[in-house]
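> Let me see the structure of the following:
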Amino acid sequence: QVQLVESGGGSVQAGGSLRLSCSGSGRPFSDYAVAWFHQAPGKDREFVAGISYNGANTDYRGSVKGRFTITRDNSKSMVYLQMNSLKPEDTAVYYCAARYGVGGYLTGVPYDYGYWGQGTQVTVSS
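I've put the predicted structure just below:
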């Protein structure tokens, strides 16, 4: 098993930046693909970005392409989400999730991820 802890959320004005961090512990972090999801009040949890076990493959939802960047450092068991040019519609709780597997395939389906962090709030004001 792997345990995940997110950090880095907060409140910013539109156009600002935040960097979210996801720390993994337990099994080797390099055994897992990792993704970020977000969930706004009253809405479904949505895929934001994903990265394969070795960082070779990444994927993003359309609305964040060019603004968000997902990276990982397996030597530190960390995954990061750099969020630039933030918009009020980015406001949500952001979750880090892990899926066991060393292939390059990335999925945006929440049920495909077996391990989740507790979430961190991101609030963007206009």
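> Quick check: closest non-adjacent residue to the residue nearest the centre of the chain.
Computing the C-alpha centroid of the chain and ranking residues by C-alpha atoms, centre = their mean puts Trp36 first, at 2.1 Å. Excluding its sequence neighbours, the residue lying closest to Trp36 (C-beta to C-beta, 6 or more residues apart in numbering) is Val48, at 4.4 Å. Heads up, the C-betas are built off the backbone N, CA and C, glycines and all.
> pretty sure the one you found contacts Gln39?
No: counting by C-beta atoms under 8 Å, Gln39 is not a contact partner of Val48; they are 10.1 Å apart.
> Mind listing the strands the helix or strand harbouring the residue nearest to the centre of the chain pairs with, and their directions?
Element membership of Trp36, judged by DSSP states H and E, is strand 32-39. If you go by DSSP bridges, strand 32-39 pairs up with strand 46-51 (antiparallel), strand 92-100 (antiparallel).
> Next, the buried residues of that strand.
32-38 (16 or more other C-beta atoms under 10 Å).
> Identify the residue nearest Val5 in space, chain neighbours excluded?
According to C-beta to C-beta, 6+ apart, the nearest residue to Val5 is Ser23 (4.8 Å).
> Verify the contact between the one you found and Asp73 for me.
No: in this structure Ser23 lies outside contact range of Asp73 using C-beta under 8 Å: 10.5 Å.
> and these two? which has more neighbours close in?
The neighbour count for Ser23 versus Asp73, taken as other C-beta atoms under 10 Å, is higher for Ser23 (16 against 11).
> contacting residues for the more buried one?
4-7, 77-78 (C-beta atoms under 8 Å, 6 or more residues apart in numbering).
> where's it relative to Val2, distance?
10 Å (C-beta to C-beta, to the nearest Å).
> Could you do Tyr60 as well?
23 Å.
> circling back: mind listing what the residue nearest to Trp36 touches?
So Val48 contacts 35-38, 60-61, 64, 68, 81, 94 (C-beta under 8 Å, 6+ apart).
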